[in-house]
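Engineer: got a sequence here, can you build the structure:
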Amino acid sequence: MDIEQKKRLLDASAACSAIKGFTKGITFEDYAANLLIRSAVERQIEILGEALNQASAADASLEKAIPELRRIVGMRNRIIHGYDSVDDEIVWDAVRHHIPALLSALRKLR
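Structural biologist: Numbers count the residues shown, from 1 in each chain. Below is the predicted model:
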């Protein structure tokens, strides 16, 4: 793995960690009511998706190591291009159920 790949995986890990930090101890209702937190989480998902998209373009084997990679990139695209139809419940589900496992997988890859 070259230095650029390592940086992209580090960026993805940092985005996951930031999301966990932003949402620690809050409920979905807190999340849905707080534009600042939603915006911060969505920005980190954008970074996460772009970092993984670039990393997988350089190394297709990442899709085997991160089976949800295409869905993560898809969520990033939805947030950026479909900003007016982002479903907070779907984002929250990803935050609670997928980000912790993804962070673990990314740490193993690095």
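Engineer: C-alpha only now, for contacts and for neighbours.
Structural biologist: Noted.
Engineer: ok, residues contacting stretch 28-40?
Structural biologist: For stretch 28-40, contacts defined as Cα atoms under 8 Å, 6 or more residues apart in numbering pick out 19, 22, 23, 88, 89, 92.
Engineer: what do you get for stretch 19-27?
Structural biologist: Contacts of stretch 19-27 (Cα under 8 Å, 6+ apart): 31, 37, 40, 41, 44, 95, 99, 100.
Engineer: swap in stretch 78-91?
Structural biologist: Contacts of stretch 78-91 (Cα under 8 Å, 6+ apart): 28, 32, 42, 46.
Engineer: next, count neighbours for the second one.
Structural biologist: Neighbourhood size, residue 32 [other Cα atoms under 10 Å]: 15.
Engineer: list the contacts of residue 73.
Structural biologist: By Cα under 8 Å, 6+ apart, the contact list for residue 73 reads 48, 49, 50, 52, 53.
Engineer: now the first one: how far from residue 30?
Structural biologist: Read it as residue 48. 23 Å (Cα to Cα, to the nearest Å).
Engineer: between the two, which one's more packed in?
Structural biologist: residue 48 (25 against 13).
Engineer: the more buried one contacts residue 11, doesn't it?
Structural biologist: Yes. Taking contacts as Cα atoms under 8 Å, residue 48 lies within contact range of residue 11: 7.0 Å.
Engineer: what is the subsequent helix or strand relative to whichever helix in the chain runs longest?
Structural biologist: Secondary structure of the chain per DSSP state H: the longest helix is helix 35-58. Reading on from helix 35-58 to the C-terminus, the next helix or strand found by DSSP states H and E is helix 62-65.
Engineer: how about the helices in the chain?
Structural biologist: 3-23, 28-33, 35-58, 62-65, 69-81, 88-97, 99-109.
Engineer: could I get the average pLDDT for the fifth one?
Structural biologist: What that stands for is helix 69-81. Per-residue pLDDT over helix 69-81 has a mean of 97.
Engineer: in it, which residues are buried?
Structural biologist: Using 16 or more other Cα atoms under 10 Å as the test for burial, helix 69-81 gives 69, 72, 73, 74, 75, 76, 77, 78, 79.
Engineer: wait, what's in contact with the nearest residue to the first one once chain neighbours are set aside?
Structural biologist: Once its chain neighbours are removed from consideration, residue 69 has its nearest residue in residue 63; the separation is 5.9 Å (Cα to Cα, 6 or more residues apart in numbering). Under the criterion of Cα under 8 Å, 6+ apart, the neighbours of residue 63 are 56, 69, 70.
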